[in-house]
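Engineer: Model the structure of this input:
(one chain, ligands or ions: 1)
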Amino acid sequence: MRTIHTLKELRAVLSGYREQGKRIGLVPTMGNLHEGHISLVEQARQAADVVVTSIFVNPMQFGANEDLGNYPRTLQGDQDRLRAAGNSLIFAPSPEEVYPDGLALQTQVIVPEVSEGHCGASRPGHFEGVATVVTMLFNMIQPDVAVFGEKDFQQLAVIRKLTRDLFIPVEIIGAPTVRDADGVAKSSRNGYLSAEERALAPTIFSTMEEIATALTQGATDYTKLENNARSALSAKGFRIDYINIINSLTLRLANSEDQNLTVLVAAFLGTTRLIDNLSIKR
Ligand code: PAF
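Structural biologist: Residues are numbered from 1 along each chain as shown. I've put the predicted structure just below:
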């Protein structure tokens with residue numbers, strides 16, 4: 001398994017695969033890989049002959065006060081995990097390779113509506129950064145299929161829409177969230193949690209499950225459910241960013257007629273921001 005740092009070399013290797021008629025799968029990541037990422041690679045292996053995992057901590061998607069500088073960079077460990085998972089190629093470009101003219105001069109991709117609200121409201125510019133880098137990765141790698149985690153529910157919706165709107169010929173697969181035994185969604189940011197914070201973290205999942213049960217049983221007073229969940233999590237020591245019950249397809253706040261519903265949560269434990277979601281159909 002090779003690790004490639006430049007676009008020129010990447011294109012040369014990929015054109016060899018294409019000449020052999022191989023189907024190319026892409027798993028875009030920011031590295032610091034855990035079992036959740038490995039499940040994306042496994043899904044990509046089912047759908048493609050060759051799997052490229054990109055590792056790039058994308059500066060454009062971090063806000064000024066976010067964790068860009070501290071974000072864990074663990075290329076050696078990531079390589080070991082990816083090799084064991086049967087990944088074919090790693091693309092790990094430098095920021096200069098991706099943004100040769102610098103961020104300020106970079107053309108950006110803006111995805112209206114689904115980027116707004118939820119994480120889009122709390123993290124201005126975040127989804128523009130994600131949409132831009134993902135579009136660039138699609139153009140650099142030209143994969144037949146790309147796999148993203150459902151844990152980043154809004155991100156997946158943004159990527160599906162940009163792919164459709166820009167007629168990018170790639171199939172998008174959403175892969176189910178991988179959880180620890182206590183329900184905590186696997187995330188690179190879990191590594192920031194202290195032991196006490198990690199012990200509290202499963203409350204996000206249990207709270208979402210309670211809401212999901214009520215929704216499945218027909219509850220439609222979403223504001224009440226959201227407020228109760230906010231109070232319960234705040235009482236445990238979480239600082240709530242948002243708890244929203246949304247229409248899973250439009251990502252708008254749900255109305256009582258909606259049948260595909262998703263509970264979206266973003267909450268801080270200390271300085272660590274955790275996100276999670278749970279979908280139901282009724
Ligand atoms: O989900 C992530 O790790 C990132 O947002 C992505 C999709 C790799 C874009 O930088």
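Engineer: interface residues of the stretch 1-150 of the chain facing the ligand?
Structural biologist: When proximity is defined as CB under 6 Å from any ligand atom, the stretch 1-150 of the chain approaches the ligand at 28-30, 58, 61, 130, 133-134. To be clear about C-beta, it is placed using only N, CA and C from the backbone, and glycine gets the same treatment.
Engineer: Go again with 8 Å.
Structural biologist: Near the ligand, the residues belonging to the stretch 1-150 of the chain are 28-30, 54, 56-58, 61, 129-130, 133-134, 137, 148-149 when assessed by CB under 8 Å from any ligand atom.
Engineer: Equivalent analysis for the stretch 151-282 of the chain, please.
Structural biologist: Proximity of the stretch 151-282 of the chain to the ligand (CB under 8 Å from any ligand atom) is limited to residues 152, 155, 159, 188.
Engineer: what about the first one, neighbour count?
Structural biologist: Read that as Asp152. By the criterion of other CB atoms under 10 Å, Asp152 has 19 neighbours.
Engineer: Also the second one?
Structural biologist: Neighbour count of Gln155, defined by other CB under 10 Å: 23.
Engineer: how near is it to Gly270?
Structural biologist: Between Gln155 and Gly270 the computed distance is 23 Å (CB to CB, to the nearest Å).
Engineer: same thing with the first one?
Structural biologist: Applying CB to CB, the value for Asp152 to Gly270 is 21 Å.
Engineer: all helices for the stretch 151-282 of the chain, in order.
Structural biologist: Along the stretch 151-282 of the chain, the stretches classed as helices by DSSP state H, counting those that start in this stretch are 153-165, 195-200, 202-216, 222-236.
Engineer: Columns distance to His37 and mean pLDDT on top of these, output as CSV?
Structural biologist: Output for these, formatted as CSV (distance: least, CB to CB, whole Å; pLDDT from 0 to 100):
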stretch, distance to His37, mean pLDDT
helix 153-165, 14, 98
helix 195-200, 19, 98
helix 202-216, 19, 98
helix 222-236, 27, 98
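Engineer: winner for burial among these?
Structural biologist: helix 153-165 (a mean of 20; mean count of other CB atoms under 10 Å).
Engineer: what sits up against that helix?
Structural biologist: Here helix 153-165 makes contact (CB atoms under 8 Å, 6 or more residues apart in numbering) with 109, 111, 114-115, 118-120, 127, 130-131, 134-135, 138, 146, 148-150, 168, 170, 172, 174, 251, 262, 264, 277, 279.
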